[in-house]
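J.: show me how the following folds:
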Amino acid sequence: MEELPFPLLGRKRSGRRWKLVSILIALFVVGVWGWMGAKKEVKLVVDGKEQQIRTFARTVKDLLQAENIVLAKEDSVEPQLESWLPRNATIVVQRAFPVKVKADGKTRTIQTTLCTVAQVLQKAEIAIGTDQLVTPGLAQIVKRDTEIVVVRRESKIITVKEEVPFAVHRRSDPTLNKGKTKILEQGTVGVKEKTYSIIYHDGKQQDKELVSEKVVKEAIDKIILIGTRVPGGTVRTSRGAVRYRKKYIMEATAYTPRPRGGSGITATGRLAQRGLVAVDPRVIPLHARLYIPGYGFSIAADTGGAIRGNRIDLCYDSHAEAVRFGRRKVEVYLLQ
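T.: Okay, the predicted model is just below:
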């Protein structure tokens, strides 16, 4: 009886089994190495604070989600969120912070990361011209709570007209009586044009500089004549020539110191006596010194009810002298 080849069949099955086991082992080893190879070490920097992280994340976004890092709209990430995450990568996250910007009469707050002043103004849509003043400077890097101030600077050239006052000159005039004045030239103001350079900061004048000036109309000085001539002239007396201011022709009468029982006291309080005369104060002021030819030097010291206008009453020591004088025309000189 012929034997069946069982041993040969058994050897074939055993070889296949070992081949299958080898494949499974290889797949396991490859899987383990693949798992180990997928885990990578990266550096994560958030606002300057560094940490090393081992991760299976494929992208920057996956890493931040795995680390529970939520980003605000204004925050920045480098590399970008959708970037593939290689081994030993460095991911930098900058949190936005507030920066105040004062410009054009308004104050606004801009959320930004580290950047220059110029970039913040660009974000705020604030245009900057060449004449604007910006503090801090445009190239300055902003920090948390930095305050940026923009001043609108404007320069203007203006021309204005100003009056030039006239001077006043006084001149002596011997043809005018002393105490009298006469305007020879009325005087006219001149006109001067002045050109200024004016600097405005936010519409308010900051600096003003005179650039040029010119006279477009000369001023004409005022001239006043002052009289120096002494009015009157000289009259010859027992004391020689005496100067007088004014000469009158008056109707003169005479009276005695105590007529009809009067008090003998004049209007100026003096005791009536020769040399004191009564006048109309509207014509000759009281206390004035006078000279009357034929009567002599006298003082206007009294008044009288009948003495009005160009009348004068001469005091004599006796009634006989007064009667003898009577009434007549006399020259009365008002002395200097």
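J.: name the spans of the stretch 201-336 of the chain whose pLDDT lies under the cut-off.
T.: 259-263 (pLDDT under 70).
J.: all helices in this protein, in order from the N-terminus.
T.: Ranges of helices in the chain, per DSSP state H, are 6-38, 60-66, 117-123, 319-325.
J.: lowest mean pLDDT across the ones you listed, which one is that?
T.: Of all the helices of the chain, helix 6-38 carries the lowest average pLDDT, namely a mean of 53.
J.: residue 220: what's it in contact with?
T.: Contact analysis of residue 220 by CB atoms under 8 Å, 6 or more residues apart in numbering lists 166, 185, 187, 188, 190. All C-beta atoms are positioned from the backbone trio N, CA, C, and that covers glycine.
J.: cross-check the contact I'm expecting between the first one and residue 185.
T.: Read it as residue 166. No. The pair residue 166 / residue 185 is not scored as a contact, 9.1 Å apart, by CB atoms under 8 Å.
J.: now for the contacts of residue 220, which pair is the farthest apart?
T.: The largest separation in the contacts of residue 220, counting by CB to CB, is between 185 and 190 at 13.9 Å.
J.: any shared contact partners between residue 166 and residue 185?
T.: In contact with both residue 166 and residue 185: 220, 221, 222, using CB under 8 Å, 6+ apart.
J.: mind checking how far the nearest residue to residue 157 once chain neighbours are set aside is from residue 129?
T.: Spatial nearest neighbour of residue 157, excluding adjacent residues (CB to CB, 6 or more residues apart in numbering): residue 197 at 5.7 Å. Using CB to CB, to the nearest Å, residue 197 is found at 18 Å from residue 129.
J.: those two: which has the busier surroundings?
T.: residue 197 (14 against 8; other CB atoms under 10 Å).
J.: hmm, back to that, make CSV from the contacts of residue 220 and add pLDDT and neighbour count to it.
T.: Listed next are these as CSV, based on pLDDT from 0 to 100; neighbours: other CB atoms under 10 Å:
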residue, pLDDT, neighbour count
166, 94, 18
185, 94, 14
187, 93, 16
188, 95, 13
190, 95, 15
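J.: now, which of those residues lie within strands?
T.: 185, 190 (DSSP state E).
J.: quick one, what contacts the closest residue to residue 94 other than its chain neighbours?
T.: Nearest non-adjacent residue to residue 94, counting by CB to CB, 6+ apart: residue 113, 4.1 Å away. The contact partners of residue 113, taken as CB under 8 Å, 6+ apart, are 74, 75, 76, 94, 95, 96, 97.
J.: just the terminal-to-terminal distance for stretch 129-147.
T.: 19 Å (CA to CA, to the nearest Å).
J.: again, but for stretch 41-58
T.: End-to-end distance (CA to CA), stretch 41-58: 12 Å.
J.: make residue 1 into 48 and carry on from there
T.: New numbering, starting at 48: the last item is stretch 88-105.
J.: at the geometric centre of this structure, which residue do we find?
T.: Centroid-nearest residue in the chain: residue 252, 7.6 Å away (criterion: CA atoms, centre = their mean).
J.: spatially, what comes nearest to that residue if we skip its sequence neighbours?
T.: residue 245 (6.0 Å).
J.: any idea how far the one you found is from residue 197?
T.: For residue 245 relative to residue 197 (CB to CB), the value is 20 Å.
J.: residue 324 too?
T.: 92 Å.
J.: what about those two, which has more around it?
T.: Set residue 324 next to residue 197 and count neighbours by other CB under 10 Å: residue 324 wins out with 26 against 20.
J.: show me the contacts for the residue nearest to residue 252.
T.: Neighbours of residue 245 in contact, by CB under 8 Å, 6+ apart: 202, 203, 204, 205, 252, 254, 255, 256.
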